[in-house]
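A.B. asks: Generate coordinates for the sequence data below:
(2 chains)
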Amino acid sequence: GQQLNQSPQSMFIQEGEDVSMNCTSSSIFNTWLWYKQDPGEGPVLLIALYKAGELTSNGRLTAQFGITRKDSFLNISASIPSDVGIYFCAGHRGANAGGTSYGKLTFGQGTILTVHP
Amino acid sequence: DSGVTQTPKHLITATGQRVTLRCSPRSGDLSVYWYQQSLDQGLQFLIQYYNGEERAKGNILERFSAQQFPDLHSELNLSSLELGDSALYFCASSVGTAGNTIYFGEGSWLTVV
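C.D. replies: Predicted coordinates for the structure are as follows:
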């Protein structure tokens, strides 16, 4: 089962507002990723974080890799209608995962974002 | 467009049947991953292949199997299908084996009736 707790589960905001969502885990991850999924589409990679404490931006999106390596957050500034979708965090353990799980990403439950014009 | 191609996009089949899902990775990527997405389980890792060999295994049922061919495309075979196998099946790819930055295809939506 899933081991990442992502919150909030859903958000309803007005266009122009900033958005913040986060992911926490009881286990350490060596890479944190944020994906966005539109209906009927596959998850699209938004930001990848490889180092504890790393803060990375991609346009209006900013994500941080928590110092403890057990959490990450994603901020979206000045939201627009096309930001609507489901946002997933994902963690990768790397060598800590053990041999047969090395390539595995563990996903959060997703945050459903609705933006009202 | 991620560059990962999956076919078919949709299929409907009956319980007990067998289906094959196909994936072509991004150009230059040697690793292929299969994930299952369902409402109750979310996105779950099934299996990874790297350059033709199985590299990592997740919660893949014994009724499911996969392989990666010399041209690097991959197939996921689902047999003795049950209603609960209805889900979106995603293929993803990456250059190396680590699996920490992967790119997803658009998925194959399987409905078992």
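A.B. asks: Sketch out the low-pLDDT regions of chain A for me.
C.D. replies: A:1-2, A:95-102 (pLDDT under 70).
A.B. asks: Can you tell me which residues in it are near chain B?
C.D. replies: Those residues of chain A that sit near chain B, judged by Cβ under 8 Å from any Cβ of the partner chain, are A:1-2, A:30-31, A:33, A:35, A:40-45, A:48, A:50, A:88, A:90, A:92, A:94, A:99-110. For every residue, glycine as well, the C-beta is placed using N, CA and C.
A.B. asks: okay, now the residue lying closest to A:S10 once chain neighbours are set aside: neighbour count?
C.D. replies: Closest residue in space to A:S10, ignoring its immediate chain neighbours: A:I112 at 4.2 Å, by Cβ to Cβ, 6 or more residues apart in numbering or on different chains. For A:I112, the count of nearby residues is 15 (other Cβ atoms under 10 Å in any protein chain shown).
A.B. asks: outside of the helix or strand where A:I112 lies, which residues touch it?
C.D. replies: Applying DSSP states H and E as the criterion places A:I112 in strand A:111-116. Contacting residues not belonging to strand A:111-116 are listed as A:6-15, A:19, A:21, A:76, A:79-81, A:83-88 [Cβ atoms under 8 Å, 6 or more residues apart in numbering or on different chains].
A.B. asks: change it to 7 Å
C.D. replies: A:6, A:8-15, A:19, A:21, A:79-81, A:83-87 (Cβ atoms under 7 Å, 6 or more residues apart in numbering or on different chains).
A.B. asks: what are the pairing partners of it, and which direction each?
C.D. replies: Next to strand A:111-116 in the sheet, as set by DSSP bridges, lie strand A:10-14 (parallel), strand A:85-92 (antiparallel).
A.B. asks: now these as a markdown table including mean neighbour count?
C.D. replies: Shown next, in a markdown table, are the strands paired with strand A:111-116 (neighbours: other Cβ atoms under 10 Å in any protein chain shown):
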| stretch | mean neighbour count |
| --- | --- |
| strand A:10-14 | 12 |
| strand A:85-92 | 24 |
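A.B. asks: Distance to B:G3 for the ones you listed - can I get that in a markdown table?
C.D. replies: Listed next are these as a markdown table, based on distance: least, Cβ to Cβ, whole Å:
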| stretch | distance to B:G3 |
| --- | --- |
| strand A:10-14 | 30 |
| strand A:85-92 | 19 |
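A.B. asks: Looking at those strands, spot the one closest to B:L72.
C.D. replies: strand A:85-92 (21.7 Å; Cβ to Cβ).
A.B. asks: Please consider this matter closed, and thank you.
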